[in-house]
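Student: Give me the fold of what follows.
(2 chains)
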Amino acid sequence: MRSPSTNHVLEVEGVVKVFEEGAQRVEVLRGVSLDVEPGQVVALEGPSGSGKTTLLSIMGCILTPTAGTVTVAGEVADAARPRRLRDIRRRSIGFVFQQFNLFPALTALENVEYALNVKGVRGQAARTQALAVLERVGLADRMSFLPRDLSGGQKQRVAIARALAGSPRVLLADEPTANLDTAVGDQILDLFRDLARQESKGIVIVTHDPKVRRIADRVVGIRDGRLAA
Amino acid sequence: MVSLARKNLLYDRMRSAITIAGVAFAVTLVLVQVGLFMGLLDKATTTIEHSSADIWVTSRETPNVDFAHTFPETTVLRVRGVTGVERADNLIIAFMNIQLPSGAEEGCLVYALEDFAAWNLPWSVEGGEVRDLKRGMYILMDRSAERRFGPFSAGDYREILGRRFKIIGTTTGAASFTTAPIVFMDYGRAQELNQLLLNRTSYILVKAAPGADVQEVAARIRRVAPYNDVYTRDEWAGRSRRYWVVSTGLGMNMGVTVFLGILVGIVVVAQTLYTSAVEHVKEFGTVKAIGGSDWDIYRILAEQAVIAAVVGFALGAALSYALRPVMARLYLNVLVSPQFALAVFVGTVLMCMGAAVFSFRRVAGIDPALVFRT
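Tutor: Next comes the predicted model:
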């Protein structure tokens, strides 16, 4: 299903998320709506337990909402069809994690190449594309390094390169500067800004880091499961 | 395509080594144990397989070639008259006592024929001529007897049932399942030694005429020798083997060993693969987050299992092969046919895949949202 009347790369409409465990019922998101345009960086701020990571997971088609809709690059994420959610993740979404989540046994190049393999790009094409995105994040000279031999900033660049593999239209980042020192964190944020501006990616950054505001086009707060602009 | 499975195995070297060692141990255990068993069984039928007899006539219910009973030797005359029989001769196989230079007495298994050469028995002779056995109190003794009888050579004398025989040569490869060394002597001499063998024989060896249907000839012999059993060579070898496998419990023993080998392999592989799956669970969550499916993860685990199986089998097979000369020094023959090796290889792959199923269950339906947990 495609949404015909939108210019947004990401639309969240009236999303509610309730977790139930036995008799306990926790409403984490209470009717959240949010749009992200191409080339826009949205900073999502909020205290721990406010629901920002849950919202990020729903926007990334990893979790399904209890109510409401999510549309990614014009495709409505249908909770009843897990395979479709996976396809949307493959095609349109790249993730950047706080802990980098690189595959420790793979080199920088292979980490990116493997992501391309999962997305259906194989052989020399995958290798060429992987090298291109590593160059894009300024890490081509470290392509043969294992993650353990890279600095925190370099790991995060590899993670961003992996997220860029397959040219998704949306990047979702979870606390991408949390494990980096100030200078390196600034470089990573500049890279996000450049990706948004130069490649028209829609980027959502969940953060506690006030420096993210420097590159954000919009800052959205979230408290008790509700957005506060 | 990047193989995360292979890379993970190379990265976690210690765990991979343990997994592969477990598989190699299981493979070695199965190959050596079953190989030894097959080697033993080979002894149970080696004279049947080497002789040129197409059909064996035995006394009723003779369980195997070593445990022969006697019947009238004139039966051979009726057998010779059967259509399709080219040649039929009496063969005596009997346990007899042999006196050693040390003064000890040991048992040996005497094979007695009138014309050994006609039946390709014995098939490997050194230092003497088979045809000379008829010319006096002469014997050929198998080299394997040295282990129990001590060293001997052509020209030496030994007493069998109180009669002195000259060893005119040695044979190799003639062995019995009972480990009693085989001695070849003339048919008439054997009857002279043991009065119970007078006018009696243990077997009739039959060669079918060229072009004759062996089964049909056997059926005709059954009609003229109704108080005997008649087997084709393969049937007789099979019966001899079955006796040792079933009646002695050796088959069960072997089954238990193979089962334990497989169990050890499954436990080691399952345990290490499972631990690996648990430790890599966040990686698998990442695979799903970037668009991978459960099958992509199963494929990683299955590939790890297959790699462990292939490398473990290669190591286990190499180790088993290296153990052969050691076993040979102990007079143990490790016999592994290509078909059996192939079966063990397939079994190893299946064993490792089966072990991987435990890991499948651990990662099945893994929640990719765990990638956001710190």
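Student: Chain A versus the residue lying closest to B:Arg163 once chain neighbours are set aside, what's the distance?
Tutor: If you skip the residues right next to it in sequence, B:Arg163 has B:Leu193 as its closest partner in space, 5.9 Å away by Cβ to Cβ, 6 or more residues apart in numbering or on different chains. Placement of C-beta: from N, CA and C, glycine included. Between B:Leu193 and chain A the computed distance is 75 Å (Cβ to the nearest Cβ, to the nearest Å).
Student: confidence score at B:Leu193?
Tutor: The confidence metric pLDDT takes the value 93 at B:Leu193.
Student: Run through the residues that contact it.
Tutor: Contacts of B:Leu193 were listed using Cβ atoms under 8 Å, 6 or more residues apart in numbering or on different chains, and they are B:96, B:110, B:160-161, B:163.
Student: go with 7 Å
Tutor: Shown here is B:Leu193, whose contacts under the criterion Cβ atoms under 7 Å, 6 or more residues apart in numbering or on different chains are B:96, B:160-161, B:163.
Student: Counting only strands, which of those make the cut?
Tutor: Using DSSP state E, the subset of the contacts of B:Leu193 located in strands is B:96, B:160, B:163.
Student: Nearest to A:Val220 among the residues you listed?
Tutor: Taking Cβ to Cβ as the measure, B:Met96 is the one of those closest to A:Val220, at 102.3 Å.
Student: That closest one bridge partners, please.
Tutor: Each beta-bridge partner of B:Met96 is listed here: B:Cys108, as defined by DSSP bridges.
Student: so it touches B:Cys108, yeah?
Tutor: Yes. Using Cβ atoms under 7 Å, B:Met96 and B:Cys108 qualify as a contacting pair, with a distance of 6.0 Å.
Student: Quickly note the distance from the residue nearest the centre of chain A to chain B.
Tutor: Ranked by distance to the mean C-alpha position of chain A (Cα atoms, centre = their mean), the top residue is A:Leu172 at 1.5 Å. The spacing between A:Leu172 and chain B, counted by Cβ to the nearest Cβ, is 10 Å.
Student: Now for the nearest residue to B:Ala26 once chain neighbours are set aside, which secondary structure element holds it?
Tutor: In this structure, B:Ala26 finds its nearest non-sequential neighbour in B:Gly265, 3.0 Å apart by Cβ to Cβ, 6+ apart. B:Gly265 belongs to helix B:250-279 when elements are defined using DSSP states H and E.
Student: Just after that helix, pick out the following helix or strand.
Tutor: Sequence-wise, the next helix or strand downstream of helix B:250-279 (DSSP H and E) is helix B:281-289.
Student: Where does pLDDT dip in chain A?
Tutor: By pLDDT under 70, the low-scoring segments of chain A are A:1-6, A:229.
Student: ok, now with 80
Tutor: Where chain A drops to pLDDT under 80, the residues are A:1-6, A:79-80, A:229.
Student: all helices of it, in order?
Tutor: Assigned helices in chain A, in chain order: A:52-59, A:82-92, A:108-118, A:123-136, A:152-164, A:182-199 (criterion: DSSP state H).
Student: for chain B, same thing?
Tutor: Along chain B, counting by DSSP H, helices occupy B:4-11, B:13-50, B:75-80, B:146-149, B:187-193, B:214-224, B:233-242, B:250-279, B:281-289, B:294-329, B:338-363.
Student: Closest one to B:Val130 out of the ones in strands among the contacts of B:Leu193, please.
Tutor: Distances from B:Val130 to these, taken by Cβ to Cβ, are shortest for B:Ile160, at 17.9 Å.
Student: The closest one and B:Ile98 touch, don't they?
Tutor: Yes. Under the criterion of Cβ under 7 Å, B:Ile160 lies in contact with B:Ile98, with a separation of 5.1 Å.
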